[in-house]
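**Student:** Next input, structure requested:
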Amino acid sequence: MIEINLISEELRPKAASKQAFKGFDLRYVLYAIPAVFALLIILHIAFGAMAVVRYYQFSALDKKWKGMEPKRKILDDFNKEYAVYSQDEKLIKQFIEKRIDWSQKLNRLSLDLPSGIWFTDISGNPKELYIRGSVVSVERLEMSLIKKFIEALKADASFFKDFTSVDLGQLENKTVAGYDITEFNLKGVLRAK
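**Tutor:** Take a look at the predicted model:
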């Protein structure tokens, strides 16, 4: 069957398939498909090569890590020992902070001691300090000398800082070589640390 179309070429409706692909050559699609496949293959090979390189790097580092095992063990042992010594050091520091400087206390006792008083015994334990002494006074001021001594100890901040109290205990009067002597006891209670 013969078909005659009298409409001019410009006014005729063009086929949709031809119009959609106008200016587009199908050959490019055929060239693009192998290029995409080639790109995917190249990327696959590159990622595979990177994985192999990473594997060998990991193997080398793992070998080095295993080679350092004896050194790590020595370091771990040292760290454990250091932790023990560090705890010991902390404990020693606490003891040093809590300890009482008895040489300073004895020095302060002698500096605060008025004339006419002397010590016959100084002893103590972790909670208390005991002082026994004697006092002689020609003017019969034994009690005022003892009181002055106790007040001087309480007023002396470097001596009294480790004590809660310093109290007078038992008194005893004696006569030695014609002199009246009063023997006394002092008890100092140490602060709890």
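**Student:** Going by neighbour count, list what's buried in the longest strand seen in the chain.
**Tutor:** As assigned by DSSP state E, the longest strand anywhere in the chain is strand 163-176. Neighbour counts over strand 163-176 (16 or more other Cβ atoms under 10 Å) mark F163, V166 as buried. Heads up, the C-betas are built off the backbone N, CA and C, glycines and all.
**Student:** Can I get the next helix or strand after it as PDB, trimmed to CA atoms?
**Tutor:** The helix or strand immediately downstream of strand 163-176 is strand 179-190, counting by DSSP states H and E. C-alpha atoms of strand 179-190 as PDB (Å, rounded to 0.1, in the frame of the first residue of the first chain):
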ATOM      1  CA  TYR A 179      65.700  22.400 150.500                       C
ATOM      2  CA  ASP A 180      61.900  21.900 149.900                       C
ATOM      3  CA  ILE A 181      61.400  20.300 146.500                       C
ATOM      4  CA  THR A 182      58.100  19.700 144.800                       C
ATOM      5  CA  GLU A 183      57.900  16.800 142.400                       C
ATOM      6  CA  PHE A 184      55.300  17.100 139.700                       C
ATOM      7  CA  ASN A 185      53.800  15.100 136.800                       C
ATOM      8  CA  LEU A 186      52.600  16.500 133.500                       C
ATOM      9  CA  LYS A 187      50.600  14.600 130.900                       C
ATOM     10  CA  GLY A 188      50.300  15.800 127.400                       C
ATOM     11  CA  VAL A 189      47.600  14.200 125.200                       C
ATOM     12  CA  LEU A 190      48.600  13.900 121.500                       C
END
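**Student:** partner strands of strand 179-190, parallel or antiparallel?
**Tutor:** Here strand 179-190 is paired, per DSSP bridges, with strand 128-136 (antiparallel), strand 163-176 (antiparallel).
**Student:** Having no further points to raise, I will conclude here.
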